[in-house]
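Generate coordinates for the sequence data below:
(one chain, ligands or ions: 1)
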Amino acid sequence: MVQDFIDGKWMNSLGNTFVPVFNPANGQELAVCPLGTTADVDRAVQAASRAFVSWRQVPSVERIQYLFHLKTLLDAHLEEVAARITQEHGKTLSESRASVRRGIQMVEAATGMPTFQLGEYAEDIARGIDSYSVRKPLGVFAGIAPFNFPAMVPFWFWPFAIASGNTFVLKPSERVPLTHQLIFELIEKIQLPKGVFNLVHGGKDVVDRLCAHPDVKGICFVGSTPVARHVYTTATAQGKRVQALGGAKNFMVMLPDAVMDKAVPTALESIIGCAGERCLAGSVVVCVGDEAYRQVSERMVALASDVSVGDGMDPHVQMGPMISRESKSRVVSLIENALKDGGKLLVDGRKNVDHLPGYFLRPTVIGNVVESMEIAKEEVFGPVVLLAQVKTLDDAIQWLNRSNYANTTTLFTSSGAAARKFSVEVDPSMIGINIGVPAPMSFFSFGGTKDSFFGDIKVHGAEAVQFFTDKRTITQRWMADSNIW
Ligand code: NAD
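I've put the predicted structure just below:
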């Protein structure tokens, strides 16, 4: 039974509509997820508001002790959490493990809060007057997560939020609610004061109420661009702080001087890892010049044809299924349109999957991709390699900068000068040089720009402290009475 966790207790959702949760590797129904209501949100926000009154007064060195405890529990239960992710999301066990480790790193980084939250002090800003600033928590924050990283994405927010003295309400994706059932069983064990961290399941109704609720001070959102834009506009109109991370279209540029034997497998892994369902997944491989295109396509075709696809629980499997039948159909229709638009089918991942019980698509490689094609513009979110050719590095940079999205991009090269030019001139905020998935670590900040990010302050790292706190500056003068001394 998928339940909410509110005010330190497990409780049934007040909603009476449910959506099925499937194991995408075999199509079997694992559970049903309740679609929560406005009333579910209200009771969670009430609990979080009550908890804030005393939680904000707990010294940060005490607050982080809960996170140290949670870290040890997450380490001990890593395999169990990873298996749960693979079961409901489909990614391979090793991908699931890596994502849980990333989540644990967020908890580790948030334990640095007593240092992050330090203020500033200036003596004698005027004669006999001093000024100091401190970072104060704001109240209740809410997190809304996508399906593609059931464990990791929520950790981008809440450890930093609660370590800095706020309270939190989390809404996971209704497509993968089971991972957080397990994580909240661990959270229950660390015995946070009741109401500090709450879980509410649901879909649009829960999101919309969180964005409108007068006692929610800020929203952390990760998901597709249309919903990110909706969340940003509705919640900021209510005066809330918002960080809304949206979709992506990530370009990988191959210069002829790239170390092809390493660059091509790295690019392929970026594109097909987690079945392409990553916001940092590469999509279009833009080769500079004929020779680079020839070398990349030859290697890509050989490697992509050799990927073992199946149930992610099998350790020999390199790529799991897509999340749902609908997602698979969407990607198949993008492939079909690309072929109608003049794309050349080099590896057909639609073949040899019908005997598999789940929502499988093998790696697909399409050549002769040009900028005007739908597939070259839209986020694919599936295991499709798009090969394109341009004449110069400038052409590649101009193409990727014309995209509405700007999450990440990578250059493969041996030239420091080319790498420098690229990192200075491209729009995306997360840039890789010979790195397939340049995901910033927990102590750096994460987020793109343009239609990939709505807001001002990005997630985790030092920026998390800015997002979750208000900087107050106190200016003081002590009027000395020399007769007393
Ligand atoms: P989604 O936008 O469908 O759902 C995200 C969340 O929004 C879910 O919790 C869902 O319940 C809720 N939601 C869905 N439709 C809604 C609506 N109409 N109104 C209000 N709330 C709604 O996204 P998804 O399919 O779960 O996730 C995949 C997307 O997330 C991709 O576009 C991917 O690029 C993006 N993503 C981005 C990042 C990043 O860092 N930029 C990271 C992970 C995923």
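
Give me the buried positions along stretch 304-324.
304, 307, 309-313, 317-324 (16 or more other C-beta atoms under 10 Å). Where C-beta positions appear, they are placed from N, C-alpha and C, glycine not excepted.

out of those, which are inside helices?
If you go by DSSP state H, the buried residues of stretch 304-324 have A304 in helices.

Closest one to A98 out of the buried residues of stretch 304-324, please.
Distance to A98 across the buried residues of stretch 304-324 (C-beta to C-beta) is lowest for G312, with 12.3 Å.

thinking again about what came up before, closest to the ligand out of the buried residues of stretch 304-324?
Within the set of the buried residues of stretch 304-324, I323 lies nearest the ligand; the separation is 7.8 Å, counting by C-beta to the nearest ligand atom.

Would you pull up the residue in the chain closest to the ligand?
G223 (2.6 Å).

was I right about that residue contacting G246?
Yes. Between G223 and G246 a contact is recorded at 7.1 Å, counting by C-beta atoms under 8 Å.

which one of the two has more residues nearby?
Between G223 and G246, counted using other C-beta atoms under 10 Å, G246 has the larger neighbour count: 28 against 22.

ok, the more buried one touching P146?
No. Counting by C-beta under 8 Å, G246 sits too far from P146 to count as a contact (9.9 Å).

which residues are common contacts for these two?
223-224 (C-beta atoms under 8 Å, 6 or more residues apart in numbering).

Can you tell me the centre-most residue of this protein?
Nearest to the mean C-alpha position of the chain, by C-alpha atoms, centre = their mean, lies V153 at 4.5 Å.

sec struct for it, please.
Secondary structure assignment for V153 (DSSP: H, G, I helix; E, B strand; the rest coil): helix.

quick one: contacts for it?
So V153 contacts 145-146, 222 (C-beta under 8 Å, 6+ apart).

In this structure, where is pLDDT below threshold?
Applying pLDDT under 70 to the chain flags no residue at all.

what does it put close to the ligand?
Residues of the chain lying close to the ligand by C-beta under 6 Å from any ligand atom are 144-148, 153, 171, 173-174, 203-204, 207-208, 222-224, 227, 230, 245-248, 279, 379, 381, 407, 448, 452.

Now list the buried members of the residues you listed.
In the residues of the chain next to the ligand, the ones that pass as buried (16+ other C-beta under 10 Å) are 144-148, 153, 171, 173-174, 203, 207-208, 222-223, 227, 230, 245-248, 279, 379, 381, 407, 448, 452.

and which of the contacts of V153 is nearest to A418?
Of all these, V222 has the smallest distance to A418: 32.0 Å, by C-beta to C-beta.

my guess is the closest one contacts P150, does it?
No. Taking contacts as C-beta under 8 Å, V222 lies outside contact range of P150: 11.7 Å.

List phi and psi for G8.
phi 80, psi 10 (degrees, to the nearest 10).

and the residue nearest to it when sequence neighbours are not counted, what does it touch?
Take G8 and drop its neighbours on the chain: the residue closest to it by C-beta to C-beta, 6 or more residues apart in numbering is K194, 3.0 Å away. Taking C-beta under 8 Å, 6+ apart as the criterion, K194 is in contact with 7-9, 47, 51.

check which helix or strand covers K194.
Assigned by DSSP states H and E, K194 belongs to no helix or strand.

how about CSV for the contacts of K194, with secondary structure and neighbour count added?
Converted to CSV, these look like this (DSSP: H, G, I helix; E, B strand; the rest coil; neighbours: other C-beta atoms under 10 Å):
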residue, secondary structure, neighbour count
D7, coil, 17
G8, coil, 17
K9, strand, 13
A47, helix, 23
A51, helix, 24
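
Farthest pair within the residues you listed?
K9 and A51 (12.8 Å).

G289 contacts D395, correct?
No. Assessed by C-beta under 8 Å, G289 is found out of contact with D395, at 10.3 Å.

how much space is there between the closest residue to N337 other than its chain neighbours and Q466?
Counting by C-beta to C-beta, 6+ apart, E374 is the residue found nearest to N337 once chain neighbours are left out, at 5.4 Å. Between E374 and Q466 the distance, using C-beta to C-beta, to the nearest Å, works out to 38 Å.

the more surrounded of these two?
Higher neighbour count among E374 and Q466: Q466, with 17 against 13, using other C-beta under 10 Å.

Give the full set of residues in contact with the closest residue to that one other than its chain neighbours.
Using C-beta to C-beta, 6+ apart and skipping the chain neighbours, the partner closest in space to Q466 is I457 (5.2 Å). In this structure, I457 makes contact with 241, 243, 463, 466-467, judged by C-beta under 8 Å, 6+ apart.

Next, I457: phi, psi?
Residue torsions, per degrees, to the nearest 10, at I457 are phi -120, psi 130.

if I look at it, how far off is S173?
In terms of C-beta to C-beta, I457 sits 23 Å off from S173.

now swap in G128 and tell me
From G128 to S173 the distance is 57 Å (C-beta to C-beta).

Among the buried residues of stretch 304-324, which lie within strands?
Per DSSP state E, strands hold no members of those.

which one of the buried residues of stretch 304-324 is nearest N26?
When the buried residues of stretch 304-324 are compared against N26 (criterion: C-beta to C-beta), the nearest one is D311, at 7.1 Å.

does the residue lying closest to the closest one once chain neighbours are set aside count as helix, strand or coil?
Spatial nearest neighbour of D311, excluding adjacent residues (C-beta to C-beta, 6+ apart): A25 at 4.0 Å. Per three-state DSSP, the local secondary structure of A25 is coil.

List the contacts of A25.
If you count contacts by C-beta under 8 Å, 6+ apart, then A25 has 90, 310-313, 320-321, 357-358 around it.

Now do the SS call for A396.
Classification of A396 by three-state DSSP places it in helix.

and it, what does it touch?
By C-beta under 8 Å, 6+ apart, A396 lies in contact with 251, 253, 286, 288, 390.

which residues in the stretch 251-400 of the chain form helices?
With helices called from DSSP state H, counting those that start in this stretch, the stretch 251-400 of the chain shows them at 260-272, 290-304, 325-340, 374-377, 393-402.

I'd like to know which of those lies nearest to L346.
helix 290-304 (5.1 Å).

my guess is C33 is in a helix, correct?
No. Counting by three-state DSSP, C33 falls outside a helix, being strand.

who's it bridged to?
For C33, the beta-bridge partners are V19 (DSSP bridges).

Quickly note the distance from it to E88.
For C33, the distance to E88 - C-beta to C-beta - is 10 Å.

what residues are shared contacts of the two?
Contacts common to C33 and E88, judged by C-beta under 8 Å, 6+ apart, are 21, 175, 177.

which of these are buried?
Among those, those buried by neighbour count (16+ other C-beta under 10 Å) are 21, 175, 177.

Please render these as TSV that adds secondary structure and distance to V296 to the earlier fields.
Below are those laid out as TSV (DSSP: H, G, I helix; E, B strand; the rest coil; distance: C-beta to C-beta, whole Å):
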residue	secondary structure	distance to V296
V21	strand	39
R175	coil	34
P177	coil	40
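
would you turn the residues you listed into TSV with distance to A480?
Converted to TSV, the buried ones among the shared contacts of C33 and E88 look like this (distance: C-beta to C-beta, whole Å):
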residue	distance to A480
V21	68
R175	65
P177	62
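
Which one of those is nearest to F116?
F116 has its nearest neighbour among those in P177, at 31.1 Å by C-beta to C-beta.
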